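**Student:** Quick check, what structure comes out for this input:
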Amino acid sequence: MRNLAGGICLSVFMSLAVFARPSSSAMIELTLEKAEEMALINSKQVKIAESDIIIANEGLRQARRTNSIGVSLTHNSSTTSVYTADIEERSYSNTITAAYPIYTGGKIESGIKAADIEVEIKKMSLSKIIQDVRLSVVVGLYSILRAEDMVKSYEESLGRLVAHSDNVLIQYENGKVSKADLLRSEVEVSNEEQTLTSARNTLETAVKQLNSALGVPLETKLIIEETMSYKKIGRSLEECIEYAMQNRPDLKSAMLEIKWAKAGVSLAKSEKAPQATLSMTQNLNSDANWPGYKQDYFNITLEIDYKIFDSGVADSKIASAKETTAKATLGYEQIKEALELEVTSCFLSIQEAERRIFESETVIDKAKEAYEIAVARYGEGVGTNIDVIDSQVALTQANSNYTQALCDYNISLARLENAMGGNFSDMKAAKHQ
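**Tutor:** Here you go, the predicted model:
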């Protein structure tokens, strides 16, 4: 999993040449995969997380280099004037010192471990951000498909009401129905026109929201080359929870936070241990030529530093680090509990939407038949205007319910995969490994 985020980033960057930022008047044909790639390329959150990984890697490199030899060069130039004798003396010196920490009480090792864990935490953060960006794209794309279906449904509904209103007008002119029927049919047409206008506004808003998630101008026209469909998940709740416990990035990050905190305890304890440094110094002096060329002396020094009394500063740091570890442990348990609840909630939402899909499919067929019967009866003069209008409303509602259920199912499926930290194809692959 260590190279997961890096692999994802590489695939994203390879696509940079393909997905350029379009102009405001552009039109984009989108599949779900293409939309996800565009969003990842343009996401500021992803870029910030990638920068965090680079910074953490530099911190790790710095920590590792503290466990190596350090070399320093000191140059000194001085001039001394003796006015009484009118004498001026000059001297130059260069001091080259190489120092190596031979014992730090685990300070360097703990620092390296903490820095290494920090890199892994940042990678897990990137993985979670990538999954969240993908989820926002899925939700946005299916919201557009739902809005498009709703617009289509209301357009069909308006068409049926207009046709009925025209029929009522003809019958009214022939004296077969009252003016009340005519007025009621015209009112229904007007109401449906307003509903259609609202649905179109919802569609336009959904397009702008997805454009924002994609990082393209809000006015960009989108052609969605996807359809909403029903695909049974074929996994139990227990399997989904188990997979989430193993793959959820923020849960992994919380576990790493515990390890990082424990490294902090070791780092704090090292301050109470002696610090030993071996240094070698070569001094070059000269009183005539710059910068100094004569070997003066070579010195090897072993320096041991041990704090006998620090007013309890080290103990305070140790206590703080231990409390940080306890806090990180509680945070891990909290995320674990929230994860199980989130997976369960998404799973139940899928089951609910699944039942609504099957129920609304049956209702649509019945509503169509009821509407056709009502229209035929009204045409024969044995049915009422109210019967036609009510059956038309029922048919429109049945279509809307099906569209909503199908959309809710697909979005809940995407939310479940996000809550699991992967998807069902990954589950299948992991199961066969």
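
**Student:** all helices of the stretch 201-350 of the chain, in order?
**Tutor:** Listed in chain order, the helices of the stretch 201-350 of the chain (DSSP state H, counting those that start in this stretch) span 237-247, 249-269, 313-379.

**Student:** between these, which gets nearest to residue 102?
**Tutor:** Residue 102 lies closest to helix 249-269 among the helices of the stretch 201-350 of the chain, at 18.3 Å (Cβ to Cβ). The C-beta positions use only the backbone N, C-alpha and C, and glycine is treated the same way.

**Student:** Find the centremost residue of this protein, please.
**Tutor:** Note on the chain: the residue nearest the mean C-alpha position is residue 129, at 2.1 Å, using Cα atoms, centre = their mean.

**Student:** you'd agree it is up against residue 49?
**Tutor:** Yes. Counting by Cβ atoms under 8 Å, residue 49 is a contact partner of residue 129 at 5.0 Å.

**Student:** Excluding sequence neighbours, find me the nearest residue to residue 269.
**Tutor:** Excluding the flanking residues, the one nearest residue 269 by Cβ to Cβ, 6 or more residues apart in numbering is residue 318, at 5.8 Å.

**Student:** I figured residue 42 hits residue 212, correct?
**Tutor:** No. With contact defined as Cβ under 8 Å, residue 42 does not count as touching residue 212 (10.0 Å).

**Student:** same for the longest strand anywhere in the chain, what does it pack against?
**Tutor:** Counting residues, the longest strand found in the chain (DSSP state E) is strand 87-103. The contact analysis (3 or more Cβ pairs under 8 Å, 6 or more residues apart in numbering; DSSP states H and E) places strand 87-103 against strand 70-82, strand 275-286.

**Student:** thinking again about what came up before, mind giving me JSON lines with the helices of the stretch 201-350 of the chain and columns for mean pLDDT?
**Tutor:** Compiled in JSON lines, the helices of the stretch 201-350 of the chain are given as follows (pLDDT from 0 to 100):
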{"stretch": "helix 237-247", "mean pLDDT": "94"}
{"stretch": "helix 249-269", "mean pLDDT": "93"}
{"stretch": "helix 313-379", "mean pLDDT": "94"}
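
**Student:** which stretch among those comes nearest residue 159?
**Tutor:** Going by Cβ to Cβ, the one of those nearest residue 159 is helix 313-379, 12.5 Å.

**Student:** Could you give the average pLDDT over the helix or strand encompassing residue 142?
**Tutor:** Residue 142 is part of helix 107-173 when elements are defined by DSSP states H and E. Averaged over helix 107-173, pLDDT sits at 94.

**Student:** chain center to it: distance?
**Tutor:** Distance of helix 107-173 from the chain centroid (Cα atoms, centre = their mean, to the nearest Å) equals 14 Å.

**Student:** returning to that earlier point: can you tell me which of the helices of the stretch 201-350 of the chain is packed in deepest?
**Tutor:** helix 249-269 (a mean of 20; mean count of other Cβ atoms under 10 Å).

**Student:** And stretch 44-64, what's buried?
**Tutor:** 46, 49-50, 52-53, 56-57, 59-60, 63 (16 or more other Cβ atoms under 10 Å).

**Student:** Could you measure from residue 37 over to residue 219?
**Tutor:** Residue 37 is 21 Å from residue 219, where distance means Cβ to Cβ, to the nearest Å.

**Student:** Which residue of those two possesses the greater neighbour count?
**Tutor:** Ranked by neighbour count (other Cβ atoms under 10 Å), residue 37 and residue 219 place residue 37 first, with 21 against 13.

**Student:** Let me know the pLDDT of that one.
**Tutor:** 94.

**Student:** Only alpha carbons, please: show stretch 142-152 as PDB.
**Tutor:** C-alpha atoms of stretch 142-152 as PDB (Å, rounded to 0.1, in the frame of the first residue of the first chain):
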ATOM      1  CA  TYR A 142     -25.400  10.900 -11.300                       C
ATOM      2  CA  SER A 143     -27.200  14.100 -10.100                       C
ATOM      3  CA  ILE A 144     -27.000  15.400 -13.700                       C
ATOM      4  CA  LEU A 145     -28.400  12.100 -15.100                       C
ATOM      5  CA  ARG A 146     -31.200  12.200 -12.500                       C
ATOM      6  CA  ALA A 147     -32.000  15.800 -13.400                       C
ATOM      7  CA  GLU A 148     -31.900  15.000 -17.100                       C
ATOM      8  CA  ASP A 149     -34.400  12.100 -16.500                       C
ATOM      9  CA  MET A 150     -36.600  14.400 -14.400                       C
ATOM     10  CA  VAL A 151     -36.600  17.000 -17.200                       C
ATOM     11  CA  LYS A 152     -37.500  14.400 -19.700                       C
END
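
**Student:** hmm, who's touching it?
**Tutor:** By Cβ atoms under 8 Å, 6 or more residues apart in numbering, the surrounding residues in contact with stretch 142-152 are 196, 199-200, 202-203, 206-207, 209-210, 222, 224, 226-228, 400, 403-404, 406-407, 410-411, 414.

**Student:** And the buried residues of stretch 44-64, which is closest to residue 112?
**Tutor:** residue 63 (4.6 Å).

**Student:** Quick check: the closest one is in a helix.
**Tutor:** Yes. Counting by DSSP: H, G, I helix; E, B strand; the rest coil, residue 63 is found in a helix.

**Student:** Tell me if I'm right that it and residue 115 touch.
**Tutor:** Yes. With contact defined as Cβ under 8 Å, residue 63 and residue 115 form a contacting pair (4.0 Å).

**Student:** Report the set of residues contacting both of the two.
**Tutor:** Joint contacts of residue 63 and residue 115 (Cβ under 8 Å, 6+ apart) do not exist.

**Student:** and the helices of the stretch 201-350 of the chain as a markdown table, adding distance to residue 162?
**Tutor:** A markdown table is the format used below for the helices of the stretch 201-350 of the chain (distance: least, Cβ to Cβ, whole Å):
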| stretch | distance to residue 162 |
| --- | --- |
| helix 237-247 | 48 |
| helix 249-269 | 53 |
| helix 313-379 | 13 |
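
**Student:** for these, which one sits closest to residue 100?
**Tutor:** helix 249-269 (20.0 Å).
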